[in-house]
Structures are given as C-alpha cells and as structure tokens.
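> any chance you could fold what I've pasted below:
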Amino acid sequence: MSGDIARDSAEGSSRSFSKHHNQPQATAPLSRYGSQKRRDWNTFGQYLKNQRPPVALSQCNCNHVLDFLRYLDQFGKTKVHLHGCIFFGQPDPPAPCTCPLRQAWGSLDALIGRLRAAYEEHGGSPETNPFGNGTIRVYLREVRDCQAKARGIPYRKKKKKRTQIKPNVDEPIPSSQQQPSSLAA
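Numbering: from 1, shown residues only. Below is the predicted model of the structure:
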C-alpha cells in the first residue's frame, strides 16, 4: 500500500488525490473570526521561529508580544503624525506629509484579543497568557492615546446601548394577567 502512495505521488496521479483527499472532513468550516484567529496565531508562531535565536512558544513573554506589535507597524496603513509635523492634531490634513504609517489601534486591540483566545485554546493557562499581561494593555492604551492626539480626535469609549422592552399598548392584556376589579381600585 505504501508503494502505491509513493508511486501515485511520484507520477502526479489524480488517483492518490481522490483516494486520500476526498474523505469528508470531520470539522466544520471556520468562521471569519476563527480563520483570522488561526492566521494570526500562525503568524505569531512564525515570528517567534524567525527570531535569533528562535523562541519557543513556552518561553514567550510579554516582551516578545510587544516586539511583535512593533514589528507589525511597518505593514500599517494608518498615518500617525509626529509631534513636529505641521498637521499634528488635525483630523483631515490638507496635504501629504512624511509621517510614518502604523497599525491602527483598533487593529492591534482586536489582534491581541484573538491571540489571547488562541493561546488558551492551544493549552496555555490564563494566568501565564502573555497576551493578557498588563504591560500589553498599557501599550495598547498608549497607542490609542497617541493616535487620537495625532489626529486631533479624542478617543471616547462607546457606551453600550440599553434596550428597553416596552409593552405594546395596542394589544389587549390577556385575562390571566389582568388584576381583579376589586384590586384595581
């Protein structure tokens, strides 16, 4: 049997593909969040492997996470004006400038949330989770505040909307819920 697999793969036969890859998958397709989480987890793992010397996931700490977030800035698309820039503090600058592009705070915040969940899904304990470390929260807060000042738009936390259930006045109250006339008065 192993000779068949080797021969099929060496010949490029579609027979081996149909034999081994058309079996029904036991797992359901991932949600968008699930696939983002897996992609982010794999990216972080690759980042650790590329460090000199490579860092094992079990040896990872909050400093590695901070370095990863700083590394990601080079791929950012959000213009963050520096203090010396003439457009610092302006929400809509009228002309281009040479200020750097960075990762947006919201993107970093969401990334950390996904990595924090992935860490625990891969067997890490919440107590040792480097993505949940207070240092990471402080860093994210500083990024948020810095980006808000650079754009001239203060960050305001969105308040959760409370939904009230109002009774429909047009519907009659069922007799089982009506008060007896002696109590109504």
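> please make it C-alpha for all contacts and neighbour counts, starting now.
OK.
> list phi and psi for residue 136.
Main-chain torsions, residue 136, degrees, to the nearest 10: phi -70, psi -40.
> can you pull the contacts of it?
By C-alpha atoms under 8 Å, 6 or more residues apart in numbering, the contact list for residue 136 reads 62, 65-66.
> and the pLDDT for it?
Residue 136 is assigned 97 on the pLDDT scale.
> circling back: neighbour count added to the contacts of residue 136, as JSON lines?
Listed next are these as JSON lines, based on neighbours: other C-alpha atoms under 10 Å:
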{"residue": "62", "neighbour count": "17"}
{"residue": "65", "neighbour count": "21"}
{"residue": "66", "neighbour count": "17"}
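> closest to residue 129 out of those?
For the contacts of residue 136, the closest approach to residue 129 (C-alpha to C-alpha) belongs to residue 62, at 8.5 Å.
> quick check: which element contains residue 139?
Using DSSP states H and E, residue 139 falls within helix 134-151.
> list the buried residues of that helix.
The neighbour-count check on helix 134-151 (16 or more other C-alpha atoms under 10 Å) flags 136, 140, 143-151 as buried.
> so which of the residues you listed comes closest to residue 109?
Nearest to residue 109, judged by C-alpha to C-alpha, of the buried residues of helix 134-151 is residue 140 at 6.8 Å.
> residue 62 contacts residue 133, doesn't it?
Yes: in this structure, residue 62 is within contact of residue 133 by C-alpha atoms under 8 Å, at 6.5 Å.
> OK, contacts around residue 112?
Residue 112 makes contacts with residue 131, as judged by C-alpha under 8 Å, 6+ apart.
> picking up where we left off before, turn the contacts of residue 136 into JSON lines, columns for pLDDT and distance to residue 90.
Formatted as JSON lines, these follow (pLDDT from 0 to 100; distance: C-alpha to C-alpha, whole Å):
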{"residue": "62", "pLDDT": "96", "distance to residue 90": "33"}
{"residue": "65", "pLDDT": "97", "distance to residue 90": "31"}
{"residue": "66", "pLDDT": "97", "distance to residue 90": "28"}
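> flag the shaky bits of this protein, pLDDT-wise.
Residue ranges of the chain with pLDDT under 70: 1-27, 154-158, 163-185.
> and the strands in it?
Taking DSSP state E as the criterion, the chain contains strands spanning 78-79, 101-102.
> out of those, nearest to residue 128?
Here strand 101-102 is closest among these (C-alpha to C-alpha), at 28.4 Å.
> what helices or strands is that closest one leaning on?
Here strand 101-102 touches strand 78-79, going by 3 or more C-alpha pairs under 8 Å, 6 or more residues apart in numbering; DSSP states H and E.
> adjacent strands (with direction) for the strand it packs on?
strand 101-102 (antiparallel) (DSSP bridges).
> just list the residues touching residue 77, thanks.
Residues in contact with residue 77, defined by C-alpha under 8 Å, 6+ apart, are 101-104.
> and if you look at residue 102?
Neighbours of residue 102 in contact, by C-alpha under 8 Å, 6+ apart: 73-80.
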